[in-house]
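# here is a sequence together with a model predicted from it:
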Amino acid sequence: MNEKLTESLEDYLEAIAELIEVNGHAHTKEISEKLGVKMPSVSGALRQLVERGYIVYNTHYPVQLTDAGREIAERVIYRHAILKNFFSKILGLPDTLASDTACRLEHVVDEDTVERFVLFSEAIENRTDSRALQTYLTEATYFLSRSGHEHVCVISTLPDGVSASVELIGRNLVNPENIPLERGMNLVKLGISLDRSYYRIEANGKQFELPAGVAENIWVRRLR
């Protein structure tokens, strides 16, 4: 039972545990339908799990998990939930894509990495000092879902000397009316100060200094 299971066999244990949780039982036909595999494949996988001591299987009865099988299934289910939460709530992926991505990663991510996903997710979701980052990520994923997103960035990451057009004044900025930029205005980032506290900008024929905290929250589209 110490032999490392394949991703496929871990999927079977996960499916069995979920079926038992929802239906109170896990028949081979139900496992076949849940995983989208044919019955002969299910039978072959179940025999391997029996040999390793992870399930109790008799063709006339529902499949049961042993303590060892339940432990692995719960670990995989936990990883899946953590990863799906991260991909959907933090990265903003649609639920189906978030779940599919979690399925591909849940077998290869180690426990320490999973716990770091938990720490990061909880910090982003629950800490009041992460609100600005949440807003930034929301704006970033908005542009990511639109055509030509590869040409959009915030001023702080715009290469020096590149012309761009202002797309959005970010919601993190407290007094946007005091900023000498507005949507649709063309600009060029000339460079950054030695202490990295402000950026030199040229717009409408004038040069001025833009604080770094402001430049990090103004979205522009690079002009080709």
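Structure's in. What do you need? Residues are numbered from 1 along each chain as shown.
# for Val108, phi and psi?
phi -110, psi -10 (degrees, to the nearest 10).
# residue contacts, it?
The contact partners of Val108, by Cβ atoms under 8 Å, 6 or more residues apart in numbering, come to Glu7. Just so you know, the C-beta spots here come from the backbone N, C-alpha and C atoms, and that holds for glycine as well.
# distance check, it against Gln48.
20 Å (Cβ to Cβ, to the nearest Å).
# quick one, grab the pLDDT at the most centrally placed residue in the chain.
Note on the chain: the residue nearest the mean C-alpha position is Phe87, at 2.3 Å, using Cα atoms, centre = their mean. Reading off the confidence values, Phe87 has pLDDT 92.
# what ranges do the helices span in this structure?
7-23, 28-35, 39-51, 67-85, 95-105, 111-126, 131-144, 212-215 (DSSP state H).
# let me have those helices in TSV, extended by distance to Thr59 and mean neighbour count.
Listed next are those as TSV, based on distance: least, Cβ to Cβ, whole Å; neighbours: other Cβ atoms under 10 Å:
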stretch	distance to Thr59	mean neighbour count
helix 7-23	15	19
helix 28-35	8	17
helix 39-51	8	15
helix 67-85	18	18
helix 95-105	28	15
helix 111-126	36	13
helix 131-144	49	15
helix 212-215	66	19
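# Throw those into JSON lines and include distance to Val162, thanks.
Output for the helices of the chain, formatted as JSON lines (distance: least, Cβ to Cβ, whole Å):
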{"stretch": "helix 7-23", "distance to Val162": "44"}
{"stretch": "helix 28-35", "distance to Val162": "50"}
{"stretch": "helix 39-51", "distance to Val162": "54"}
{"stretch": "helix 67-85", "distance to Val162": "36"}
{"stretch": "helix 95-105", "distance to Val162": "32"}
{"stretch": "helix 111-126", "distance to Val162": "30"}
{"stretch": "helix 131-144", "distance to Val162": "17"}
{"stretch": "helix 212-215", "distance to Val162": "14"}
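# how far off centre is stretch 176-193?
Mean-position distance between stretch 176-193 and its chain equals 31 Å (Cα atoms, centre = their mean, to the nearest Å).
# can you list the domains in this structure?
Here the domain assignment for the chain is 1-126, 150-222, based on automatic domain parsing.
# end to end, how far does the last one reach?
End-to-end distance for domain 150-222: 9 Å, by Cα to Cα, to the nearest Å.
# on that earlier part again, mean pLDDT lowest for which of the domains of the chain?
Comparing mean pLDDT over the domains of the chain, the weakest stretch is domain 1-126, at a mean of 91.
# what residues are up against Ala26?
Residues near Ala26 by Cβ under 8 Å, 6+ apart: 15-16, 19-20, 62-64.
# of those, closest to Ser197?
Ser197 lies nearest to Ala15 out of the contacts of Ala26, by Cβ to Cβ, at 54.7 Å.
# name the nearest residue to the closest one, ignoring sequence neighbours.
Once flanking residues are discounted, Ala15 sits nearest to Lys34: 4.8 Å by Cβ to Cβ, 6 or more residues apart in numbering.
# could you list the residues in contact with stretch 77-84?
Looking at stretch 77-84 with Cβ under 8 Å, 6+ apart, the contacting residues turn out to be 14, 17-18, 95, 98-99, 101-103, 105-106, 109, 114, 117-118, 121.
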